[in-house]
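Asks: how would this look folded up:
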Amino acid sequence: MIGGEEEVTSAYSIAQRKALSITPHVTGLISFFASAFIVIEILRDRLKRSQIYHRLMLGMSIITMLSSIFFGLSTWPIPEETPYVYDARGNTRTCTAQGFFLALSFVAPMYSVVLSAYYLLAIGYSRKERELRKLERFAHIFVTSTGLAFAVSGLALDLYNSVQLWCFIGPIPCDDNDPECDPNANKFQLYRWIFVGIPLWICIFAITGLMAAVLFKVYNQERRSRKWRAGAENKGRQLTKKVAEQAAWYVSSFYITWLIPTISRAMSAFGKQPPFALMFLTVLMIPLQGAFNFVIYMRPRYVKFRRNNPDRSTLGLLMETFLRTCKIRREEEDGDDMNLALKVGNLYQTTAASMLHSVVVSRASAVQPHTSKAMTSSAVVPVQDDGDGAVEGEMDGNTVMFKEGM
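Replies: Coordinates of the predicted model:
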């Protein structure tokens, strides 16, 4: 968690304090441009703006872009002459502003939970985009309103003060010559757990559980599909591997961003001083959350280029991925950019249709063997194209959804 650094940086050398202050300037700037890249990439593409996955990434990237600015300010907003703080240039108002936006940054982990839930519904339960749009609207409202409520509550309770590395929920600044001043009078430790600690751990457990459920669902669906459709076996394995890899990257980046700061905070809560290496990793990782999102967002595109150009060097493929992405491409050139969820869902919907078709044909053959050939060729009657590549058909009185483009 952010915070937990008060009363510990006094033990660090001047060089170490400089490193803790300067590092977020660099990582925050990297994260800002990475998040801005995702925002621009989605806003300029009509197809992406129409997809739930990309709209969720857009919301999360806007939050990380804003928080990267204030993480990147590092110690500058902290009031001048604050003890043991290198390069403090601000005042009470700048400190409060930084604390507010850093508190608001916890909207990003909540968006990560929503994104994991989207993967589960789209992959595990084959829910279509139009079925999930109402849930998406509710998710945007809930996530942003909850984050704003926590951040505004910190303003109302006057909780945003210096925590040595930046301004966040921290103790009241007291003068050593004022014996009546109690730095813990605002109960910042309690509110830090209420507004940050508990919600963050809920997000950690929720993301872990949801992504495990995704992999479990995909494995079971693939195993069932093999019994009915031999041609889908290899494709199912490939998509399962893609989903597993993407989920592993996704969960790992979340842990890298938040697990180390949580350990640092836990040590401080129990009165132990975190070592400098742990504090340095904290100021390195937290501001980089936008950069981690960028890597995950671009990874499927890089994998595609690598598959099509196996002889190219890694550096050359990375440059090609970036340069091609910077161009304004036709929408059809970007069709498989990131939506593995839809691809896996489409595969299993098609497999389910094949299973039902086989059952209907076999039953019809048992009752009327002389009509089985006609039944095979004409039992599926297209009745409607819903506009997203799905075609509804009737099969012995049952309506079946077929997906194309796999």
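
Asks: so how far is Val113 from Leu120?
Replies: Distance of Leu120 to Val113, given as Cβ to Cβ, to the nearest Å: 11 Å. C-beta coordinates here come from the backbone N, C-alpha and C atoms, glycine included.

Asks: Find the residues that touch each one of these two.
Replies: Applying Cβ atoms under 8 Å, 6 or more residues apart in numbering, one finds that Leu120 and Val113 are jointly contacted by Leu210.

Asks: Any stretches of the stretch 51-200 of the chain with poor pLDDT?
Replies: Within the stretch 51-200 of the chain, the segments meeting pLDDT under 70 span 176.

Asks: Could you rerun that using 80?
Replies: For the stretch 51-200 of the chain, the stretches flagged by pLDDT under 80 are 123-124, 175-180.

Asks: can you give me the strands for it?
Replies: With DSSP state E, counting those that start in this stretch, the ranges of strands along the stretch 51-200 of the chain come out as 160-162, 167-169.

Asks: so which of the ones you listed is the most packed in?
Replies: Mean neighbours per residue, mean count of other Cβ atoms under 10 Å, is largest over the strands of the stretch 51-200 of the chain for strand 167-169, with a mean of 30.

Asks: Remind me what that one packs against, helices and strands.
Replies: Applying 3 or more Cβ pairs under 8 Å, 6 or more residues apart in numbering; DSSP states H and E, one finds that strand 167-169 contacts helix 92-104, strand 160-162, helix 188-192.

Asks: So which of the ones you listed is the most surrounded?
Replies: The highest average neighbour count among those, using mean count of other Cβ under 10 Å, belongs to strand 160-162 at a mean of 25.

Asks: Can you give the strand pairings for it, parallel or anti for each?
Replies: Taking DSSP bridges as the criterion, strand 160-162 pairs within the sheet with strand 167-169 (antiparallel).

Asks: domain ranges for this protein?
Replies: The domain map for the chain lists 9-314, 341-403, with the assignment taken from automatic domain parsing.

Asks: which one of those has the most crowded surroundings?
Replies: Among these, the stretch with the highest mean neighbour count (mean count of other Cβ under 10 Å) is domain 9-314, at a mean of 18.

Asks: chain center to that domain, what's the gap?
Replies: Taking the mean C-alpha point of domain 9-314 and that of its whole chain, the gap between them comes to 8 Å (Cα atoms, centre = their mean, to the nearest Å).

Asks: What segments of the chain are helices?
Replies: For the chain, the helices identified by DSSP state H occupy 14-43, 46-49, 52-73, 92-104, 107-119, 129-156, 188-192, 198-228, 232-269, 276-285, 289-308, 314-326, 340-367, 372-378, in order along the chain.

Asks: In a markdown table: the domains of the chain, plus distance to Leu323.
Replies: Rendered in a markdown table, the data for the domains of the chain read as follows (distance: least, Cβ to Cβ, whole Å):
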| stretch | distance to Leu323 |
| --- | --- |
| domain 9-314 | 11 |
| domain 341-403 | 25 |
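
Asks: Could you point out which of the ones you listed sits nearest Glu320?
Replies: For these, the distance to Glu320 is smallest for domain 9-314, at 5.6 Å, taking Cβ to Cβ.

Asks: State the distance from Thr181 to Pro171.
Replies: Careful, residue 181 is Cys and not Thr. Distance, Cys181 to Pro171, by Cβ to Cβ: 10 Å.

Asks: Which one of the helices and strands packed on strand 167-169 lies nearest to Ala266?
Replies: Nearest of the helices and strands packed on strand 167-169 to Ala266, taken as Cβ to Cβ: helix 188-192 at 12.0 Å.

Asks: What would that closest one look like as CSV? C-alpha coordinates only.
Replies: The C-alpha trace of helix 188-192 is given here as CSV (Å, rounded to 0.1, in the frame of the first residue of the first chain):
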residue,chain,number,x,y,z
PHE,A,188,-4.7,7.9,10.0
GLN,A,189,-3.7,4.3,10.6
LEU,A,190,-7.3,3.2,10.9
TYR,A,191,-8.5,5.2,7.9
ARG,A,192,-5.6,4.0,5.8
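
Asks: what helices or strands is it leaning on?
Replies: Where contact means 3+ Cβ pairs under 8 Å, 6+ apart, helix 188-192 is packed against strand 167-169.

Asks: again, 10 Å this time
Replies: Helix 188-192 is packed against helix 129-156, strand 167-169, helix 232-269, with contacts defined by 3 or more Cβ pairs under 10 Å, 6 or more residues apart in numbering; DSSP states H and E.

Asks: need those in a markdown table with distance to Leu317, can you?
Replies: Putting these into a markdown table (distance: least, Cβ to Cβ, whole Å) gives the following:
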| stretch | distance to Leu317 |
| --- | --- |
| helix 129-156 | 31 |
| strand 167-169 | 40 |
| helix 232-269 | 17 |
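
Asks: Centre-most residue in this protein?
Replies: The residue lying closest to the centre of the chain (Cα atoms, centre = their mean) is Ser112, at 3.7 Å.

Asks: Touching, that residue and Pro199? I think so.
Replies: No: with the criterion set as Cβ atoms under 10 Å, Ser112 and Pro199 do not qualify as a contacting pair; they are 12.0 Å apart.

Asks: Give me the nearest residue to Ala206, chain neighbours excluded.
Replies: In space, Ala206 comes closest to Val113 once its chain neighbours are excluded; the distance is 4.8 Å by Cβ to Cβ, 6 or more residues apart in numbering.

Asks: Please tell me I have it right and that neighbour contacts Phe106.
Replies: No: judged on Cβ under 10 Å, Val113 makes no contact with Phe106 at a distance of 11.4 Å.

Asks: Which neighbours do the two have in common?
Replies: Taking Cβ atoms under 10 Å, 6 or more residues apart in numbering as the contact rule, the neighbours common to Val113 and Phe106 are Val143, Pro199, Cys203.

Asks: and of the helices and strands packed on helix 188-192, who's closest to Leu56?
Replies: Distances from Leu56 to each of the helices and strands packed on helix 188-192 were compared using Cβ to Cβ; the shortest belongs to helix 129-156, at 7.3 Å.
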